[in-house]
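Participant: how does the following fold in three dimensions:
(4 chains)
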Number of protein chains: 2
Amino acid sequence: MNQLLIWRLSLQVSLQALKAFESAARRGTFKLAAEELSLTPTAISHHISNLESRLNVNLFHRLGRRISLTGTGLRLAKATSDGFRIIDSALEEVMKAGSAVRVTTTSSLAAMVLIPSQHEFEQANPDISMEISTGESVDSQSYIIPIRFGDVSVAEDSDVIRSESFNVFGAYGMTPPSWSNEPITLFTTEWKNKSLPDPPLAAWLEINGLDGSNIKLKKFDQELFGIQQAMAENGLVFCSTTLTKRLLKSSLLQQFDTRPVKSDLCYYVPNKDSFETRSAARFLNWIEDILNQ
Amino acid sequence: MNQLLIWRLSLQVSLQALKAFESAARRGTFKLAAEELSLTPTAISHHISNLESRLNVNLFHRLGRRISLTGTGLRLAKATSDGFRIIDSALEEVMKAGSAVRVTTTSSLAAMVLIPSQHEFEQANPDISMEISTGESVDSQSYIIPIRFGDVSVAEDSDVIRSESFNVFGAYGMTPPSWSNEPITLFTTEWKNKSLPDPPLAAWLEINGLDGSNIKLKKFDQELFGIQQAMAENGLVFCSTTLTKRLLKSSLLQQFDTRPVKSDLCYYVPNKDSFETRSAARFLNWIEDILNQ
DNA sequence: ACTTATAGATGAGTTTAAATCATCTATACT
DNA sequence: AGTATAGATGATTTAAACTCATCTATAAGT
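Facilitator: The predicted model follows:
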């Protein structure tokens, strides 16, 4: 007997009827099955009697108002139960992936960009919940979107979502420094990860015609800390424009008449195009918008 | 998250859509899936896009007119494929049981009753095919209906389908023997299985007021052979009324003015009520009718 | 490069299957 | 015995599934 014919035969029975049967077999009564499937007991009854006549087999013994599986029913129930369980658990996993985005990134980007606009994203996408984590922890887990900070040369072009520029910022309202005369303290960052390019301070000085001899550097291992310190002490920080955009807008930081300088640093999402959930796609579009205005 | 909610979620996706997806994933194009499921490609397309939006996930990459599974699609396809395969193979097994009856019984009943009326049964039940086997062979295989010949005392009352009577029969057209005068040769049976009650010849002689001193017995180990021998030689056979009914009707055998005698033998189907396929039920009703007129 | 054929997407309309409602039967529990 | 419960049955309604017509993009052939 050929394969195709078998398919046809099997398809004469409706999958919904099988689901009804599976549920009734598992729960023991049509009533409970109906509740489970949000149907009426009548629907279950119809499904099962339809199934029985298509298969030419009795699946339940009817003892008045009580039912019990026949031997054949038991065998079929075993199979449907296993089969649907496999399918259901895969569905559940896929749906979980579809209903949430899990993002992991640096503390700085998380604290200064993602977390502040998390609410906004969830407002705009009510069916998607957003989870943010930082640190190296659960990186390899599937469905998690990592936003990495690194050298443009190690990232695929198509994976880059933001090329980083740097500039000097100060607390809002402070008097602009006179760059050439007085001694200046400047907060900056020394990445924990030594393979990353340093913040392009030399290039920035050059582009702004400064020699930097009067500048004293104070280094933090995360940009976040330098920025916070600058705000707290009315100081100056040399940091990425990405992280400061929101603080500028909300008048917590200000910039001066200096020109920003491009760097070799960027934010990128490895294998960006491999994220096939729609929530991931929407998140990626959204974050790229946010970062690039 | 509670169990009930999960069910609900999973049920928001239709099983038919999942089947369409499973088929498309396996065959590689919507067109082939459509052929397999006897649908139009449009239906497959609708199903899959519906599935994708309910799950919030892309299951296929669309590269123009070519499709390929996404990672998520692949994972789901694995599950649906496994799940449906399990269900389908069980269905196939059950349907096979529903579409045929397999009967095993004694050579005599098979040859003289079952096989001659096999065609009639299949005419009356076009959706059921009937298979007949004899011998001890495949008895324990599931779905096979054994019709046993044995002592009424070892069979459950409800399992008995025919209580056996015995009488003497002769070839059609032969002159009735004069019971008391001339010497008579009578074919009869000595069961191979010694635990079975012998054919009730003594009781038959008594009920018919004969002493049997002029009767010479010739024994076969199956009733079938005695009957055939009687027909071939214009002889007489003492045998069960069940086996001869058809031969009487078709004027190949005749009976005389002797009275039949009841025996302790019967045909029975062990656990008759445990056969839950409708084909088995129909067969059992039919055979009980046949045997008891 | 231009045509032609093919696979799939999309939206509207149709058909069929599934679910419900109303009614009835048989059983279990007071 | 009387009542409540589980399921069966048949008619009707509702919703899902399927198709048709149309459109787009791509692959293949000339």
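
Participant: where does chain A dip in pLDDT?
Facilitator: A:1-11, A:136-142 (pLDDT under 70).

Participant: same thing but at 80, please
Facilitator: Chain A contains residues with pLDDT under 80 at A:1-12, A:127, A:135-143, A:180-181, A:273-276, A:278, A:293.

Participant: so which residues of it form helices?
Facilitator: Under the criterion DSSP state H, chain A contains helices at A:3-11, A:15-27, A:30-36, A:41-55, A:71-99, A:107-109, A:115-124, A:201-207, A:223-233, A:241-249, A:278-291.

Participant: report the separation between A:Ser38 and B:Lys78.
Facilitator: 28 Å (CB to CB, to the nearest Å). All C-beta spots, glycine's among them, are computed from the backbone N, C-alpha and C.

Participant: pick out whichever of these two has more residues nearby.
Facilitator: In this view A:Ser38 and B:Lys78 are compared by other CB atoms under 10 Å in any protein chain shown, and B:Lys78 has more residues nearby, 15 against 11.

Participant: ok, the more buried one touching A:Ser89?
Facilitator: No - using CB atoms under 8 Å, B:Lys78 is not in contact with A:Ser89, being 11.6 Å away.

Participant: how about the contacts made by the residue of the stretch 101-250 of chain A at minimum distance from DNA strand D?
Facilitator: For the stretch 101-250 of chain A, the residue closest to DNA strand D is A:Ser158, as judged by CB to the nearest atom of the strand, at 17.3 Å. Contacts of A:Ser158 were listed using CB atoms under 8 Å, 6 or more residues apart in numbering or on different chains, and they are A:272-273.

Participant: for the one 10 residues further on, same thing?
Facilitator: For A:Val168, the set of contacting residues under the criterion of CB under 8 Å, 6+ apart consists of A:186, A:204, A:236-238, A:255-256, A:258.

Participant: rerun at 7 Å
Facilitator: Taking CB atoms under 7 Å, 6 or more residues apart in numbering or on different chains, we find A:Val168 in contact with A:186, A:236-238, A:256, A:258.

Participant: out of those, who's nearest B:Asn285?
Facilitator: A:Val237 (92.8 Å; CB to CB).

Participant: and for that closest one, the neighbour number?
Facilitator: 28.

Participant: on that earlier part again, can you list the helices of chain A in a markdown table and add distance to B:Thr134?
Facilitator: Below are the helices of chain A laid out as a markdown table (distance: least, CB to CB, whole Å):
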| stretch | distance to B:Thr134 |
| --- | --- |
| helix A:3-11 | 30 |
| helix A:15-27 | 36 |
| helix A:30-36 | 42 |
| helix A:41-55 | 28 |
| helix A:71-99 | 25 |
| helix A:107-109 | 81 |
| helix A:115-124 | 74 |
| helix A:201-207 | 98 |
| helix A:223-233 | 88 |
| helix A:241-249 | 86 |
| helix A:278-291 | 64 |
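
Participant: among the ones you listed, which comes closest to DNA strand C?
Facilitator: Nearest of the helices of chain A (CB to the nearest atom of the strand): helix A:41-55, 3.7 Å.

Participant: buried residues, that closest one. List them.
Facilitator: A:43-45, A:47-48, A:50-52, A:54-55 (16 or more other CB atoms under 10 Å in any protein chain shown).

Participant: please list which of those are also close to chain B.
Facilitator: A:Leu55 (CB under 7 Å from any CB of the partner chain).

Participant: and the residue of the stretch 51-200 of chain A at minimum distance from DNA strand C, how many neighbours?
Facilitator: Proximity of the stretch 51-200 of chain A to DNA strand C (CB to the nearest atom of the strand) peaks at A:Gly64, 1.9 Å away. Residues lying near A:Gly64 (other CB under 10 Å) number 5.

Participant: list the contacts of it.
Facilitator: A:Gly64 touches nothing, counting by CB under 7 Å, 6+ apart.

Participant: same question, A:Cys239
Facilitator: Counted by CB under 7 Å, 6+ apart, A:Cys239 has contacts A:166, A:169, A:189, A:223, A:226-227.

Participant: now do A:Asp211 against A:Ser180, distance only.
Facilitator: In terms of CB to CB, A:Asp211 sits 8 Å off from A:Ser180.

Participant: between the helices of chain A, which gets nearest to B:Phe121?
Facilitator: B:Phe121 lies closest, by CB to CB, to one member of these: helix A:41-55, at 19.7 Å.

Participant: what comes into contact with that closest one?
Facilitator: Contacts of helix A:41-55 (CB under 7 Å, 6+ apart): A:12-13, A:16-18, A:20-21, A:24, A:30-31, A:33-34, A:58-60, B:94-95, B:98.

Participant: could you list which of the residues you listed also contact DNA strand D?
Facilitator: Filtering the contacts of helix A:41-55 for neighbours of DNA strand D using CB under 7 Å from any atom of the strand leaves A:30-31, A:60.

Participant: just put those residues in a markdown table and tack on neighbour count.
Facilitator: Converted to a markdown table, these look like this (neighbours: other CB atoms under 10 Å in any protein chain shown):
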| residue | neighbour count |
| --- | --- |
| A:Phe30 | 22 |
| A:Lys31 | 13 |
| A:Phe60 | 21 |
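
Participant: phi first, then psi, for the residue of the stretch 51-200 of chain A closest to DNA strand C.
Facilitator: phi 60, psi -120 (degrees, to the nearest 10).

Participant: which residue packs closest to the residue of the stretch 151-293 of chain A found nearest chain B, ignoring adjacent ones?
Facilitator: Residue nearest to chain B within the stretch 151-293 of chain A: A:Glu276 (3.7 Å; CB to the nearest CB). Nearest residue to A:Glu276, sequence neighbours excluded (CB to CB, 6 or more residues apart in numbering or on different chains): B:Thr70, at 3.7 Å.

Participant: correct me, but that neighbour touches B:Arg62?
Facilitator: No - counting by CB atoms under 7 Å, B:Thr70 stays clear of B:Arg62, with 10.2 Å between them.

Participant: so for these two, which sits in the more crowded spot?
Facilitator: B:Thr70 (20 against 9).

Participant: which residues does the more buried one contact?
Facilitator: Counting by CB under 7 Å, 6+ apart, B:Thr70 makes contact with A:276, B:58-61.

Participant: how many neighbours does A:Gly212 have?
Facilitator: Neighbours of A:Gly212 (other CB under 10 Å): 16.

Participant: interface residues of chain A facing DNA strand C?
Facilitator: So far as CB under 7 Å from any atom of the strand goes, chain A lies against DNA strand C at A:14, A:16-17, A:20, A:34, A:38-40, A:42-43, A:46-47, A:50, A:63-66.

Participant: the same query, at a cut-off of 10 Å, please.
Facilitator: Selection of chain A residues close to DNA strand C by CB under 10 Å from any atom of the strand yields A:12-20, A:34, A:37-47, A:50-51, A:62-66.

Participant: isn't A:Pro177 right next to A:Leu236, touching?
Facilitator: Yes - taking contacts as CB under 7 Å, A:Pro177 lies within contact range of A:Leu236: 6.5 Å.

Participant: what about these two, which has more around it?
Facilitator: The neighbour comparison of A:Pro177 against A:Leu236 (other CB under 10 Å) goes to A:Leu236, with 24 against 20.

Participant: my guess is the more buried one contacts A:Ala171. True?
Facilitator: No - between A:Leu236 and A:Ala171 there is no contact under CB under 7 Å: 8.6 Å.

Participant: shared neighbours of these two, anything?
Facilitator: With CB under 7 Å, 6+ apart, A:Leu236 and A:Ala171 have common neighbours A:Ala230.

Participant: mind checking the longest strand of chain A?
Facilitator: Secondary structure of chain A per DSSP state E: the longest strand is strand A:160-171.

Participant: pull the CA atoms of that strand into PDB?
Facilitator: The C-alpha trace of strand A:160-171 is given here as PDB (Å, rounded to 0.1, in the frame of the first residue of the first chain):
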ATOM      1  CA  VAL A 160      26.100  46.800  13.100                       C
ATOM      2  CA  ILE A 161      23.300  48.800  14.600                       C
ATOM      3  CA  ARG A 162      25.300  51.900  15.700                       C
ATOM      4  CA  SER A 163      28.700  53.200  14.900                       C
ATOM      5  CA  GLU A 164      30.000  55.000  17.900                       C
ATOM      6  CA  SER A 165      31.200  58.600  18.100                       C
ATOM      7  CA  PHE A 166      32.700  60.300  21.100                       C
ATOM      8  CA  ASN A 167      32.600  63.800  22.600                       C
ATOM      9  CA  VAL A 168      33.000  65.600  25.800                       C
ATOM     10  CA  PHE A 169      29.900  66.300  27.900                       C
ATOM     11  CA  GLY A 170      29.400  68.100  31.200                       C
ATOM     12  CA  ALA A 171      26.600  68.500  33.700                       C
END
